[in-house]
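In: Attaching a predicted model along with its sequence, questions to come.
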Amino acid sequence: MSAEVFSGLWSEIESIGRVSSGGYMRYALDTPDLVLRDWFRNQADRRDMPVTDDGNGNLFAWWGDAWGRDAVLTGSHFDSVPHGGGYDGPLGIVSGFLAVDQLRAAGHRPARPMAVVAFVEEEGGRFGLPCLGSRLLTGAIDPAKAAALTDREGVTFGEALGATPAGPLPGLTSRISALVELHIEQGRQLEVPVGVASAIWPHGRWRFDFTGHGDHAGTTRMADRRDPMLTFAYTVLAANKEARLAGAHATMARVEVEPNATNAIPSLVRGWLDARAADTATMDGVVDAVVKRATERAGRDGTEVAVTSESLSAEVTFDTELAARIAGMLGDAPILPTGAGHDAGVLSAQVPTAMLFVRNPTGISHSPAEHAEPDDCAAGVDALATVLRELT
């Protein structure tokens, strides 16, 4: 695969959903995402690949019998975090179509069905729950619960989808023999164009509701204040410290304030903790320590704190035999873990899954600075085509 061929197809989606920050606002089932989903269908039509929707919002473009036995899937997602990068997700979908082109040009005839898949709401940027489409597909979340999830404007996932999600695919384990997801690397570990994933750190999201007494910033004595912003600020620092001590990751980057006025002491501060670690015990220990310190601080500030677990993804070890086999196909490609969650991690509980990583020269992700060189992306397509040829 040449870099020019990759760049030609990549350029078709590069501007969709880009905003003035240079990043992307591609929320699930919102306008840019719908445009990308139409692009997906058009690409499938160009290749005579019928598209099916599993009733959960996930799209599948088929080479071979749709949902025939032992299908091999590849793909990723279109949606982004707010002001995120353009490669996280879409790179895997574009590469999937280009890998099909390469295999067809080489005369490959797959012995089992193959599909390029676009999973819905992987980031959780709109409805709050990451990997929502793959969770529904595998039965990891109740369809009615998923349908009731709301975005910031109060629109439910069911309303955006236009129906209650269908839920788990019957006969999933006999219908899917493997999923290979190609993704930009989200770190600085990869020194060659393509690597193979070994595991995903356990990770989760917790909502902290800090409540106090709203009042006037100019007339309320400092000694009389019950300011939840102070408790929140302390908790942000506590999360940073506890994660560093444990060798884990903890981030509080999203916050909502009521009434959110410059001259008013807030009555409510709501913040979200994202915690990750190499093992579940370490992650749980960090979260417990943060909750304890937030609660103790609330007692001193005259405020209250309530903590709600919104999502939790267990540690994932990808199929070790499949990972080793793929690394061998690619000339002993490096095998490395990641701290980022993926749809492949959700499906790994039921079917053999693997991930290919394409080198990220800066290591930056979920940011407008996220980038991969066209030559490395082309090498990723070559690697994916090699793997898909062997698996089919």
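Out: It's in.

In: I'd like the distance between Gly22 and His371.
Out: 11 Å (CB to CB, to the nearest Å). For glycine as for every other residue, the C-beta is placed from the backbone atoms N, C-alpha and C.

In: So which of these two has more stuff around it?
Out: For Gly22 and His371, the more surrounded residue by other CB atoms under 10 Å is His371, and the numbers stand at 16 against 12.

In: so the more buried one makes contact with Val358?
Out: No - His371 sits out of contact with Val358 when judged by CB atoms under 8 Å, with a separation of 10.6 Å.

In: how about the helices in the protein?
Out: 3-10, 31-46, 90-105, 132-138, 143-148, 157-161, 172-175, 228-246, 280-301, 320-329, 343-347, 374-391 (DSSP state H).

In: Make JSON lines out of those helices and add mean neighbour count.
Out: Shown next, in JSON lines, are these (neighbours: other CB atoms under 10 Å):
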{"stretch": "helix 3-10", "mean neighbour count": "16"}
{"stretch": "helix 31-46", "mean neighbour count": "17"}
{"stretch": "helix 90-105", "mean neighbour count": "23"}
{"stretch": "helix 132-138", "mean neighbour count": "27"}
{"stretch": "helix 143-148", "mean neighbour count": "16"}
{"stretch": "helix 157-161", "mean neighbour count": "20"}
{"stretch": "helix 172-175", "mean neighbour count": "14"}
{"stretch": "helix 228-246", "mean neighbour count": "20"}
{"stretch": "helix 280-301", "mean neighbour count": "18"}
{"stretch": "helix 320-329", "mean neighbour count": "17"}
{"stretch": "helix 343-347", "mean neighbour count": "28"}
{"stretch": "helix 374-391", "mean neighbour count": "21"}
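
In: Of all the ones you listed, which one comes closest to Ile200?
Out: helix 343-347 (4.5 Å; CB to CB).

In: Could I get the average pLDDT for that closest one?
Out: Across helix 343-347, pLDDT averages out at 92.

In: What are the neighbouring residues in contact with Met283?
Out: Counting by CB atoms under 8 Å, 6 or more residues apart in numbering, Met283 makes contact with Trp201, Pro202, His203, Gly204, Ala248, Ala275, Arg276, Ala277.

In: Leaving out chain neighbours, which residue sits closest to it?
Out: Ala277 (3.9 Å; CB to CB, 6 or more residues apart in numbering).

In: before we move on, back to that, show me whatever sits in contact with both of His371 and Val358.
Out: By CB under 8 Å, 6+ apart, no residue touches both His371 and Val358.

In: just checking, Gly57 touches Ala28?
Out: Yes - between Gly57 and Ala28 there is a contact under CB under 8 Å: 7.4 Å.

In: Can you check which residues contact both of these two?
Out: Common neighbours of Gly57 and Ala28 (CB under 8 Å, 6+ apart) are Val120, Glu121.

In: domains in the chain, as residue ranges please.
Out: 3-201+315-391, 203-313 (automatic domain parsing).

In: In terms of pLDDT, where does Met49 sit?
Out: 98.

In: Quick one: distance of stretch 121-135 to the chain centre.
Out: Distance of stretch 121-135 from its chain centroid, counting by CA atoms, centre = their mean, to the nearest Å, is 7 Å.

In: List the contacts of it.
Out: So stretch 121-135 is contacted by 27-30, 56-58, 76-77, 79-82, 84, 88-89, 119-120, 140-141, 146, 149-151, 157, 160, 205, 310-311, 313, 341-343, 345-347 (CB under 8 Å, 6+ apart).
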